[in-house]
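>>> return a 3D structure for these sequence lines:
(chains A and B)
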Amino acid sequence: MNAETLIAQITDLPTPSPVIIKLMDLLHQTDVENEQVVRVVKSDGALCAKVLAACNSAAFGLAEPVASVEQAVFYLGYQQIFRIILALGVGKSLARALPAYLIDEQELWRHSLTAAVASEVMMAEGSSLEIEPSVAYTAGLLHDIGKLVLNQFLTPDSVTAIRSLVESQQHSRVEAERAILETDHAEVGASLLKSWRLPEIIVEAVAHHHRPVLTPRPRLSAVVHVADCLAHQLSSSPGWDAYALRVDERAVSSLGFSPEKIERLLISAHASLHCVEELASVS
Amino acid sequence: MPSVSPWVIATPRVELVVGVADMLVSNNIAADIITHSLGSCLGVSVYDPVHKVGGLLHFMLPDSTIDRIKAAKFPFMFADTGVPRLFRAVYGLGGEKSRLQVKVAGGARFLDDQRLFNIGPRNVTTLADILARNGVSATMDTGGQISRTVRLNLTNGLVSVRTPGKTAYLL
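Okay, the predicted model is just below:
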């Protein structure tokens, strides 16, 4: 069954508001003014109220409560406001328990946030790719969204068949999904994001995060592939056989990362984990 | 005269959670020390059954020489700076080296993880070297493609390991 047909059969799909989709699209464009982003947020009164409530929550520790989106941007910075908005858009969906993957509540959400932070750290520290850090963050955050869809589709029999391929034949999880379902969570996630009309760069990164595109030059999927591995190593490793993940070492070296650089990236990403703590409470 | 209630209500156990690159020691026998979702990281549990004191370290990388400044700030991030501090902290609460029960879990590896992401196996080798150099023996449950949650019960020193989809087992 192909990914589009599968998505068409699922009734309980995560659907962020059009304003959030518009923001993700805006951030991909170059030369976007902060005011433009603030205007989009303010066009949705309910979102505005949620953004302010999140900013004023204890997690962000502001001395004075903020009363407008402009003030929130001033105190917390534009990047953090963007992260809060994204968390409001997809946090509830990603925080669900996924029984077919043996993922408890909140676990996939924390893994997604950790991969998002790791993607951003990689862009800031040494990746030669010219990609906006907020775009890398978004792709990292959404990379496993296909699991929300597959979780609803997987039967106990298909879960058993997938696990048996992983545990007895050394398949990676994504290879086992493909062998049994003829699709996998990466492809399904990309189809979902395509149906939201997200920029192609994000759809590509999610579609290929287990099989990164490296020629003619590495694409964002290579970054998200490594960020996914880093998130697992930062003890955000949910579900059964969480490490049944095949590392594409060509992707790692094509980004110019040595084993020592990988350790340094882990150290840097660890320093940003407080961000995950703050955002995990937003939804 | 008031009647004696037939019910005995047990005090709930305290859960002390250790994060990544962190360590906790305690002599609170009503507590469990827990660390979640160890992947390539290692959880090192140390317990003295006589004094009933113990500690749990969750370290991330083998060798602090990669970043001395970070190691000064986060010594529990690395095996070489974290492990000695764990033992010293347990000694500080009255633990004695000759009685310590040392149990280790974690060190998972990705598939085809031969070179660039070889952190789990390197963590295991480095820790084994440190323990051997100091004449300490340990029970180890490491490797594989699984994540592990470790719980040290300070009442009796039992260390249980839980991995998604499998029954928890004692180490």
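>>> please make it C-alpha for all contacts and neighbour counts, starting now.
Noted.
>>> partner residues bridging residue B:55?
As for beta bridges, residue B:55 partners with residue B:25, residue B:46 under DSSP bridges.
>>> tell me how far it lies from chain A.
Distance of residue B:55 to chain A, computed by C-alpha to the nearest C-alpha, to the nearest Å: 19 Å.
>>> ok, that residue - contacts?
Neighbouring residues of residue B:55 by C-alpha atoms under 8 Å, 6 or more residues apart in numbering or on different chains: B:23-26, B:33, B:45-47, B:86, B:89-90.
>>> would CSV of those with distance to residue A:102, neighbour count and pLDDT be doable?
Shown next, in CSV, are the contacts of residue B:55 (distance: C-alpha to C-alpha, whole Å; neighbours: other C-alpha atoms under 10 Å in any protein chain shown; pLDDT from 0 to 100):
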residue, distance to residue A:102, neighbour count, pLDDT
B:23, 28, 26, 98
B:24, 28, 20, 97
B:25, 31, 23, 97
B:26, 32, 19, 96
B:33, 23, 25, 97
B:45, 26, 31, 98
B:46, 30, 26, 98
B:47, 31, 31, 98
B:86, 32, 23, 98
B:89, 36, 19, 97
B:90, 35, 24, 97
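>>> show me which of the residues you listed is closest to chain A.
Nearest to chain A out of the contacts of residue B:55 is residue B:23 (C-alpha to the nearest C-alpha; 14.6 Å).
>>> need the three-state assignment for that closest one.
strand (DSSP: H, G, I helix; E, B strand; the rest coil).
>>> hang on, the earlier thing: identify the farthest-apart pair in the contacts of residue B:55.
B:33 and B:89 (14.6 Å; C-alpha to C-alpha).
>>> flag the helix or strand of chain B with the lowest per-element mean pLDDT.
Lowest by mean pLDDT, DSSP states H and E among the helices and strands of chain B is helix B:68-73, with a mean of 92.
>>> in terms of secondary structure, what does the helix or strand following it contact?
Downstream of helix B:68-73, the first helix or strand assigned by DSSP states H and E is helix B:79-92. Contacts defined by 3 or more C-alpha pairs under 8 Å, 6 or more residues apart in numbering or on different chains; DSSP states H and E place helix B:79-92 against strand B:22-26, strand B:42-48, strand B:53-59, helix B:119-133.
>>> pull the residues that contact helix B:79-92.
B:23-26, B:46-47, B:53-57, B:59-64, B:71, B:75-76, B:97, B:123, B:126-127, B:130.
>>> what's near enough to touch the residue of the stretch 1-150 of chain A found nearest chain B?
Evaluated by C-alpha to the nearest C-alpha, the stretch 1-150 of chain A has residue A:102 as its residue closest to chain B, separated by 6.2 Å. Residues near residue A:102 by C-alpha under 8 Å, 6+ apart: A:238-240, B:164-165.
>>> next one: residue A:270
With C-alpha under 8 Å, 6+ apart, residue A:270 has these contacts: residue A:234.
>>> quickly note the distance from it to residue B:89.
Distance of residue A:270 to residue B:89, computed by C-alpha to C-alpha, to the nearest Å: 24 Å.
>>> residue B:145 too?
32 Å.
>>> again with residue A:38
Taking C-alpha to C-alpha, one finds residue A:38 at 50 Å from residue B:89.
>>> how about low-confidence regions in chain B?
B:1-6, B:10, B:113-114 (pLDDT under 70).
>>> can you name the residues of it that neighbour chain A?
B:20, B:36-41, B:60-61, B:66, B:70, B:108-113, B:115-117, B:144-147, B:163-165 (C-alpha under 8 Å from any C-alpha of the partner chain).
>>> please, a ChimeraX command that selects the buried ones among these?
Only the buried entries of these go into this ChimeraX selection, using 16 or more other C-alpha atoms under 10 Å in any protein chain shown:
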select /B:20,36,37,38,39,40,41,60,61,66,70,108,109,110,111,112,113,116,117,144,145,146,147,163,164
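>>> picking up where we left off before, of all the helices and strands packed on helix B:79-92, which one is nearest residue A:259?
helix B:119-133 (8.9 Å).
>>> identify the residues contacting the next helix or strand after the closest one?
Note on helix B:119-133: by DSSP H and E, the next helix or strand toward the C-terminus is strand B:139-142. Strand B:139-142 is contacted from outside by B:102-108, B:124, B:171, using C-alpha under 8 Å, 6+ apart.
>>> tell me which residues in strand B:139-142 are buried?
B:140-142.
>>> ok, stretch A:151-171 next?
Those would be A:151-154, A:158-159, A:161-163, A:165-166, A:170-171, for stretch A:151-171 by 16+ other C-alpha under 10 Å.
>>> do the same with stretch A:248-263
A:248-249, A:251-252, A:254-255, A:257, A:262-263.
>>> find the helix or strand that the residue nearest to residue A:219 when sequence neighbours are not counted is a member of.
In space, residue A:219 comes closest to residue A:213 once its chain neighbours are excluded; the distance is 5.8 Å by C-alpha to C-alpha, 6 or more residues apart in numbering or on different chains. For residue A:213, there is no enclosing helix or strand under DSSP H and E.
>>> I'd guessed residue A:213 sits against residue A:221; true?
Yes. Judged on C-alpha atoms under 8 Å, residue A:213 makes contact with residue A:221 at a distance of 6.4 Å.
>>> much appreciated, bye for now.
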